[in-house]
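> sequence? don't have it. structure:
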């Protein structure tokens, strides 16, 4: 490969934006409350932000962090930092200040962008208290110029001093293989690991997704947290690499989602199942508002039969897929004509150029119908874990496959059934128990709206399952529910306890917080 990077440039994010700015400058790129940018305006803004970062001393490999809601500010800081070879990190406004401080200490950013206020929380004191080596910039531009929290207009204006040739040199020096993003895993167990992701991985995964999930026009709703790969990769990069339109709402809100889909004629709607459920149950819900949808897809959890049936009435195509932060994009996808049962019970088949296999504890490949760890082969995977050589080395097998830590099995037809995380699986009386399998059976009961199963210590069996349930209406009798499960599961898989609650706890990324459920059992 040429050392000047010429062969790599088509796979750099800033080249994608620049290409669309040249070939379709007036096509809408970004829509948000109070903001509309076509591709020409998007590139102009990225260019100005990048120049300001260079003027601020941001070097190749430096980190740039942003604390903001989904919107143009986050996207522009990400694209600009990536263009000059820096590495961007999204900070979640839901974090408490000690959590933000811990993340800042881990990545040691040169530059931190932050909103002054988000949903009633004031971040000005936090930003001004950052270490003196960190330049803090007020995205809202309301801070006094004398503060350590620099107003954004002042920051951008300093980019005018950067010579055009110097900025172009920085763009040229950035390579497709350079990491441009760190996404920290959700941290439901243990310390979150920082997944390093390159330009080439984001662009390559987006191209696969565009091939398998086309839409014309491509107008995608984005309301997921900016610290999540689902927001940056699966939604934003997918849309921008395809020359489409990112439609932002500043947070997940059912009414705002419905209005955005209606008013901006959104064609692709991707969420976790819980978000779909809340949106369809909202008082404002009107299926006529969703008439422009061409594709509805979900990830992160199984969708219930009821939810799949409701979604099928809203769009001509439903889809689900499987991937992780470490795989950058999805590696399996359901077929365009997938039946409801496949959408409920599987996450599709592996798509080229990816590979997928199921292995046992000794690394032996398992046959269809046998349960083991999912391993993938991908040209678009992560670059490693941030400052964690041991974890980076441990994720790859000797023959080049990537360990996922997920448990699953392949059907005879080649569809992947996802059974949970390795650390979620527990032994009860010598048997392996896979919570998602039980949760799917519980979710098929008409009296159950949501279900989550966790393993808790037991003196007799070692570990037993406890089911937390949200009833659809009147809670079914436990004895009747147990009998219902006996017709669908082996007896050893039945939970020993059934606990009805008003709502399941969720992590910021929309997944059930199983650690909180286990703590609840321990406290009781």
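Now that the structure is in, tell me what you want to look at. Small disclaimer: the values here were computed from a predicted structure and weren't measured.
> and the closest residue to residue 185 other than its chain neighbours, how many residues sit next to it?
What sits nearest to residue 185 in space, not counting adjacent residues and going by Cβ to Cβ, 6 or more residues apart in numbering, is residue 192, at 4.7 Å. Bear in mind the C-beta positions are built from the backbone N, C-alpha and C, glycine included. Here the count is done by other Cβ atoms under 10 Å, and residue 192 has 18 residues near it.
> from residue 507, how far out is residue 192?
From residue 192 over to residue 507 the distance is 11 Å, taken as Cβ to Cβ, to the nearest Å.
> state the mean pLDDT of stretch 297-311.
For stretch 297-311, the mean pLDDT works out to 88.
> and for stretch 371-380?
Average pLDDT, stretch 371-380: 95.
> that older thread, make sure the residue nearest to residue 185 is indeed in a strand.
No: going by DSSP: H, G, I helix; E, B strand; the rest coil, the assignment for residue 192 is coil, not a strand.
> hmm, residue 227 and it touching each other?
No: using Cβ atoms under 8 Å, residue 192 makes no contact with residue 227, being 9.9 Å away.
> who touches both of the two?
Residues touching both residue 192 and residue 227 (Cβ atoms under 8 Å, 6 or more residues apart in numbering): residue 184.
> pLDDT wise, what is residue 442 at?
As predicted, residue 442 sits at a pLDDT of 94.
> backbone dihedrals for it, please?
Residue 442 adopts backbone torsions of phi -60, psi -40, taken as degrees, to the nearest 10.
> what is the burial count for it?
Residue 442 has 25 neighbouring residues, counting by other Cβ under 10 Å.
> ok, now how distant is it from residue 435?
Counting by Cβ to Cβ, the gap from residue 442 to residue 435 is 10 Å.
> need the overlap of contacts for these two.
Contact criterion Cβ under 8 Å, 6+ apart; residues shared by residue 442 and residue 435: residue 453.
> which residues are in contact with residue 504?
For residue 504, the contacting residues are 450, 452, 468, 470, 512, 513, 517, by Cβ under 8 Å, 6+ apart.
> could you list the domains of this protein?
Residue ranges for the domains of the chain, per automatic domain parsing: 9-23+37-184, 426-523.
> distance to residue 347 added to those, as TSV?
Converted to TSV, the domains of the chain look like this (distance: least, Cβ to Cβ, whole Å):
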stretch	distance to residue 347
domain 9-23+37-184	20
domain 426-523	11
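> can you pull out the low-pLDDT segments for the stretch 101-250 of the chain?
Applying pLDDT under 70 to the stretch 101-250 of the chain flags the ranges 145-147, 186-190.
> quick one: the strands in it, in order.
For the stretch 101-250 of the chain, applying DSSP state E, counting those that start in this stretch gives strands covering 111-114, 117-118, 121-122, 135-138, 149-151, 179-184, 194-198, 219-222, 245-248.
> for residue 446, find the nearest of those.
The closest of the strands of the stretch 101-250 of the chain to residue 446 is strand 219-222. By Cβ to Cβ, the value is 30.2 Å.
> tell me what the closest one is packed against?
helix 238-241, strand 245-248, helix 254-263, strand 268-271 (3 or more Cβ pairs under 8 Å, 6 or more residues apart in numbering; DSSP states H and E).
> which one, of those, ends up nearest to residue 126?
Ranking these by proximity to residue 126 (Cβ to Cβ) places strand 245-248 first, at 23.9 Å.
> just to revisit the earlier point, can I get the helices and strands packed on strand 219-222 in a markdown table including distance to residue 456 and mean neighbour count?
Output for the helices and strands packed on strand 219-222, formatted as a markdown table (distance: least, Cβ to Cβ, whole Å; neighbours: other Cβ atoms under 10 Å):
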| stretch | distance to residue 456 | mean neighbour count |
| --- | --- | --- |
| helix 238-241 | 39 | 25 |
| strand 245-248 | 41 | 26 |
| helix 254-263 | 33 | 19 |
| strand 268-271 | 30 | 26 |
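> just put the ones you listed in JSON lines and tack on distance to residue 171.
Converted to JSON lines, the helices and strands packed on strand 219-222 look like this (distance: least, Cβ to Cβ, whole Å):
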{"stretch": "helix 238-241", "distance to residue 171": "17"}
{"stretch": "strand 245-248", "distance to residue 171": "22"}
{"stretch": "helix 254-263", "distance to residue 171": "33"}
{"stretch": "strand 268-271", "distance to residue 171": "30"}
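> and the ones you listed: which comes nearest residue 357?
Of all the helices and strands packed on strand 219-222, helix 238-241 sits nearest to residue 357, with 25.9 Å by Cβ to Cβ.
> identify the residues contacting that closest one?
Where contact means Cβ under 8 Å, 6+ apart, the residues beyond helix 238-241 that reach it are 13, 16-17, 20, 29, 202-203, 206-207, 209-210, 213, 218, 220, 222, 245-246, 268.
> one more pass at 10 Å, please.
Here helix 238-241 makes contact (Cβ atoms under 10 Å, 6 or more residues apart in numbering) with 11, 13, 16-17, 19-20, 29-30, 39, 42, 75, 79, 202-210, 213, 215, 218-222, 232, 244-247, 268, 270, 329.
> write the ChimeraX selection for whichever of the residues you listed are buried.
Buried residues within the contacts of helix 238-241, by 16 or more other Cβ atoms under 10 Å, are selected in ChimeraX with:
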select :11,13,16,17,20,29,30,39,42,75,79,202,203,204,205,206,207,208,209,210,213,215,218,219,220,221,222,232,244,245,246,247,268,270,329
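> so for the residue of the chain most remote from its centre, what's the nearest residue that isn't a sequence neighbour?
Distance from the C-alpha centroid of the chain, by Cα atoms, centre = their mean, peaks at residue 460 (39.1 Å). Excluding its sequence neighbours, the residue lying closest to residue 460 (Cβ to Cβ, 6+ apart) is residue 429, at 7.9 Å.
> repeat that for residue 49.
Excluding the flanking residues, the one nearest residue 49 by Cβ to Cβ, 6+ apart is residue 80, at 3.5 Å.
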